[in-house]
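Attaching a predicted model along with its sequence, questions to come.
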Amino acid sequence: MLSTNKDNCFDAIVVGAGHAGIEACLALSRKGHRTLVLSISLDNIGYLACNPSIGGTAKGHLVCEVDALGGEMGRAADSAMLQLRMLNSSKGPAVQSLRAQVDKYAYHDYMKSTLENDDNIVLRQAEVKRILVENGKAVGVETMQQTFYAKAVIIATGVYLKSEVITGTVKEPKGPSSFARSNLLSDSLTRLGFTLRRFKTGTPARVKRGTIDLSKLEVQEGDDDIYSFSTLSDKKANKMICYLGYTNAVTHEIIRQNLDKTARTLGLVSGAGARYCPSIEDKIVRFSDKERHQFFLEPEGENTQEMYVQGISTSLPASVQLDMYRSIEGFERVEIMRDAYAIEYDCIDPTELFPTLMSKRIEGLFFAGQINGTSGYEEAAAQGIVAGINAALMLENRPLIIFGRDNSYIGVLIDDLVTKGTDEPYRMMTSRSEYRLCLRQDNADMRLTPIAIEVGLASDERKRRFERKKADIALAEERLKAKVDGALVAETIGENIPLTAEQFIRRTSIAPSEFMSKSDIFDGLCVPAVRDVFIRLRYEGYIVRQEKARKELARLENMPLFIDDYSKVKGLRTEAAEKLNKIKPLTIGQASRISGVNPADVNVLILSSKHDDK
């Protein structure tokens with residue numbers, strides 16, 4: 001029963017203030033809903049417990065999409081940025097991804113301040129021990145001290161559920177970076193019928209900058225001529241440099257001699273680890289033919305000596321870690337400030353969720369982030385903003401939104417989770433998207449800001465910049481018939497022949513910014529708009545094919561399913577019926593992606609669906 005105490009009653013409650021929780025509560029707040037945020041520690045709000053970087057391959061796409069929807073991660077990363085790079089810059093635009101090394105302390109401060117200064121958000125430090133459910137609906141949560149009530153509850157607990165940190169033979173009941181863990185919420189989820197699994201991830205040691213001979217490492221500068229994550233951010237200069245180094249035969253031998261001391265060998269870890277972020281000991285075993293493995297040495301912040309050794313995560317004993325790191329060139333006298341560790345934690349089976357991220361069994365209960373089996377800050381933020389938007393829409397009695405594989409990486413991420421599930425920490429990659437040339441990070445705003453406007457999450461400034469870019473794209477397309485100056489044509493292709501801007505762009509690899517500095521054809525137009533036109537001209541054939549495939553997918557996604565029991569559908573195989581009854585797909589398109597459902601089964605569903613329509 002709901003309380004009459006207004007201090008304990010809210011529109012929504014968000015459990016956890018990591019990257020998922022932040023985006024969820026801000027979406028709710030900016031939609032006008034009074035939201036309680038409960039964190040086991042206010043010091044871990046937006047805390048970058050693993051590598052202090054935002055973005056990366058495919059992850060940069062997610063950050064830009066979160067920004068396009070009115071989220072905060074991109075702006076925070078731009079604000080705290082130490083170095084910005086464009087990954088895969090030598091490859092096509094579909095796989096180019098921004099990655100920022102950020103100051104972890106500045107990032108935390110930015111996010112904590114953003115939440116603290118939001119009038120619709122109430123921040124409280126407390127451990128949640130129970131989710132309150134009445135008549136199949138979430139109605140609130142119970143902490144160690146108090147009970148709070150709301151019609152929407154979002155669980156975004158990250159890796160804190162019964163988490164255990166392992167270094168060598170030492171296994172400790174705590175969260176990442178020695179924060180307290182959540183001890184009781186797992187039991188509440190189990191009582192509510194959720195199946196919990198154990199996943200594992202890890203992190204390298206933090207080492208002292210002053211004890212490293214940086215002259216023996218390769219310098220890795222940032223990129224200057226690239227845009228920021230957020231369309232609302234102004235470009236910032238790179239502040240710091242990173243370094244590239246390599247392990248060697250001695251390093252590998254030290255690891256091989258101590259494989260019997262790893263957490264998994266000792267039986268201290270049972271959870272599934274991240275395939276695409278293996279520990280250094282896993283690399284040595286799996287890639288035994290490699291003479292060396294590269295790593296990146298990156299700063300934790302602008303005002304700290306701590307540096308992060310990306311690529312050498314481990315759970316070996318502390319004494320072995322020191323020997324291992326000191327075997328590396330440049331690290332001969334290195335001092336470890338924080339030992340590397342593995343962390344194991346509880347998470348749910350995401351197939352228990354609808355694509356809206358609401359539970360199939362409990363109305364008003366949403367899940368977002370690593371509790372759904374994902375890895376990474378960016379995947380968490382993407383889920384957080386979707387859960388926040390849909391919780392707000394539910395409170396407003398409006399239809400909830402499902403992001404499709406055809407319109408966003410966010411849609412790919414969520415569809416993979418709720419339709420296929422995952423047996424290991426899920427990581428977003430460009431190869432997971434069938435339409436990646438159409439879903440570039442540079443056009444995230446054109447794809448998703450209309451949704452932000454529709455649901456009420458786009459600020460006036462975001463709307464203004466969106467409309468400006470949209471108008472500039474139209475103007476740029478009109479100017480494609482203009483003639484390019486003959487001198488520029490001769491300089492670029494070696495022939496003085498008449499070419500329109502369209503012909504010139506198709507025949508050359510000149511960058512949009514360089515063209516704009518040498519020609520006045522696109523004067524007055526913003527670079528992002530011109531870049532969009534350049535890409536679509538140069539990849540027109542591929543884009544047309546992907547657009548055709550997207551339309552076919554949209555046709556299947558627009559065919560809803562209203563079948564309660566698939567075992568009663570004539571012509572459907574038993575295996576398919578069992579899988580369909582478990583997942584409960586909302587559309588024919590979603591059903592077609594379920595493992596164990598083949599094309600013949602899909603045809604049966606299509607015919608059944610048409611019959612039901614009659």
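Perfect, I can see it now.

Can you name the helix or strand that the nearest residue to E72 once chain neighbours are set aside falls in?
Distances taken as CB to CB, 6 or more residues apart in numbering place L26 nearest to E72, at 5.6 Å, with adjacent residues excluded. For glycine as for every other residue, the C-beta is placed from the backbone atoms N, C-alpha and C. In this structure, L26 sits in helix 19-30 according to DSSP states H and E.

Now for the residue nearest to E72: which residues touch it?
G71, E72, T114, L115, D118, I121, I385, G388 (CB atoms under 8 Å, 6 or more residues apart in numbering).

Could you verify that the fifth one is part of a strand?
It stands for D118. No: going by DSSP: H, G, I helix; E, B strand; the rest coil, the assignment for D118 is coil, not a strand.

how close does it sit to R506?
According to CB to CB, to the nearest Å, D118 and R506 sit 48 Å apart.

repeat for L561
Applying CB to CB to L561 and R506 gives a distance of 44 Å.

Same check on R292?
For R292, the distance to R506 - CB to CB - is 42 Å.

Same question for Y325.
Distance from Y325 to R506, by CB to CB: 51 Å.

So between those two, which is more surrounded?
Neighbours per residue (other CB atoms under 10 Å) separate Y325 from R506, with Y325 holding more: 24 against 14.

Surely the more buried one is within a strand?
No: per three-state DSSP, Y325 lies outside any strand segment and is helix.

Wait, it touches A205, no?
Yes: under the contact definition of CB atoms under 8 Å, Y325 touches A205, with a separation of 6.6 Å.

Spit out the residues that contact these two alike.
Contacts common to Y325 and A205, judged by CB under 8 Å, 6+ apart, are V309, I312, I336.

possible to save those as TSV with pLDDT?
As requested, those are arranged in TSV below (pLDDT from 0 to 100):
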residue	pLDDT
V309	96
I312	93
I336	97
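
So in this protein, where's the weakest helix or strand by average pLDDT?
helix 599-613 (a mean of 79; mean pLDDT, DSSP states H and E).

would you list every one of the helices in the stretch 51-200 of the chain?
59-68, 73-79, 104-116, 185-191 (DSSP state H, counting those that start in this stretch).

actually the stretch 301-450 of the chain, sorry about that
318-326, 377-395, 409-415, 444-455.

Serialize those helices to TSV and add fields for distance to S233 and mean pLDDT.
Shown next, in TSV, are the helices of the stretch 301-450 of the chain (distance: least, CB to CB, whole Å; pLDDT from 0 to 100):
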stretch	distance to S233	mean pLDDT
helix 318-326	36	95
helix 377-395	16	98
helix 409-415	20	97
helix 444-455	12	98
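
Those helices: which one's closest to S288?
helix 318-326 (16.6 Å; CB to CB).

Please save the CA atoms from the closest one in CSV.
Extracted C-alpha coordinates of helix 318-326, given in CSV (Å, rounded to 0.1, in the frame of the first residue of the first chain):
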residue,chain,number,x,y,z
ALA,A,318,50.1,-9.0,-6.2
SER,A,319,53.7,-10.3,-6.0
VAL,A,320,53.4,-11.9,-9.4
GLN,A,321,51.8,-8.8,-10.8
LEU,A,322,54.8,-6.7,-9.8
ASP,A,323,57.3,-9.1,-11.5
MET,A,324,55.1,-9.2,-14.6
TYR,A,325,54.9,-5.5,-15.0
ARG,A,326,58.6,-4.9,-14.2
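
Tell me where the model's unsure across the stretch 201-350 of the chain.
The stretch 201-350 of the chain contains residues with pLDDT under 70 at 263, 266-276.

residue ranges for the strands of it, please.
Listed in chain order, the strands of the stretch 201-350 of the chain (DSSP state E, counting those that start in this stretch) span 218-220, 242-246, 294-299, 306-313, 336-338, 341-348.

hey, which of those is tucked in deepest?
When those are scored by mean count of other CB atoms under 10 Å, the highest mean neighbour count falls to strand 341-348 (a mean of 25).

Nearest to M394, out of the strands of the stretch 201-350 of the chain?
strand 341-348 (19.6 Å).

could you say what helices and strands that closest one packs with?
strand 164-167, helix 185-191, strand 196-208 (3 or more CB pairs under 8 Å, 6 or more residues apart in numbering; DSSP states H and E).

how far does it sit from the chain's center?
Averaging C-alpha positions (CA atoms, centre = their mean, to the nearest Å) puts strand 341-348 18 Å from its chain's average.

Could I have the CA atoms of that strand written out in PDB?
The C-alpha coordinates for strand 341-348 follow below in PDB (Å, rounded to 0.1, in the frame of the first residue of the first chain):
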ATOM      1  CA  TYR A 341      41.700  -7.600  -9.800                       C
ATOM      2  CA  ALA A 342      38.800  -9.700 -11.100                       C
ATOM      3  CA  ILE A 343      35.300  -9.100 -10.000                       C
ATOM      4  CA  GLU A 344      32.400 -11.500 -10.000                       C
ATOM      5  CA  TYR A 345      28.700 -10.400  -9.600                       C
ATOM      6  CA  ASP A 346      25.100 -11.400 -10.100                       C
ATOM      7  CA  CYS A 347      23.000 -10.400 -13.100                       C
ATOM      8  CA  ILE A 348      19.700 -11.400 -14.600                       C
END
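
Adjacent strands (with direction) for that strand?
Its sheet considered, strand 341-348 pairs with strand 164-167 (antiparallel), strand 196-208 (antiparallel) by DSSP bridges.

Can you add distance to K137 and mean neighbour count and give these back as CSV?
Shown next, in CSV, are the strands paired with strand 341-348 (distance: least, CB to CB, whole Å; neighbours: other CB atoms under 10 Å):
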stretch, distance to K137, mean neighbour count
strand 164-167, 33, 22
strand 196-208, 22, 22
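
Switch the ones you listed over to CSV; also include distance to D406.
Formatted as CSV, the strands paired with strand 341-348 follow (distance: least, CB to CB, whole Å):
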stretch, distance to D406
strand 164-167, 40
strand 196-208, 29
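
Tell me which of the ones you listed sits nearest to I40.
Of all the strands paired with strand 341-348, strand 164-167 sits nearest to I40, with 14.8 Å by CB to CB.

can you list the residues that contact the closest one?
Outside strand 164-167, the residues within contact range by CB under 8 Å, 6+ apart are 171-176, 178, 181, 263, 268-269, 315-318, 339-345.

What mean pLDDT does it get?
Across strand 164-167, pLDDT averages out at 93.

For K104, see how far away G376 is.
Separation of G376 from K104 (CB to CB): 15 Å.

One more: V527?
For V527, the distance to K104 - CB to CB - is 30 Å.

And these two? Which one has more around it.
More neighbours surround K104 than the other of V527 and K104, with 25 against 16 (other CB under 10 Å).

Without its sequence neighbours, what residue ends up closest to that one?
Among residues not flanking K104 along the chain, P52 sits closest, at 3.8 Å (CB to CB, 6+ apart).

Does the closest residue to L123 other than its chain neighbours belong to a helix, a strand or coil?
Leaving out its chain neighbours, the residue that sits closest to L123 by CB to CB, 6+ apart is V37, at 5.2 Å. The three-state label given to V37 by three-state DSSP is strand.

measure V37 to E363 for me?
21 Å.

Neighbour count for the two, which is higher?
V37 (29 against 15).

Outside of stretch 486-499 itself, list whatever touches it.
Taking CB under 8 Å, 6+ apart as the rule, stretch 486-499 contacts K483, V484, F504, R507, T508, I510, K518, S519.

Out of those, who's the most crowded?
Highest count within these by other CB under 10 Å belongs to F504, 23 neighbours.

And the host helix or strand of that one, what does it pack against?
F504 belongs to helix 501-507 when elements are defined using DSSP H and E. Packing partners of helix 501-507 (3+ CB pairs under 8 Å, 6+ apart): helix 486-493, helix 527-538.

if we compare the ones you listed, which one ends up closest to T157?
Across those, closest to T157 is helix 527-538 (CB to CB), at 36.7 Å.
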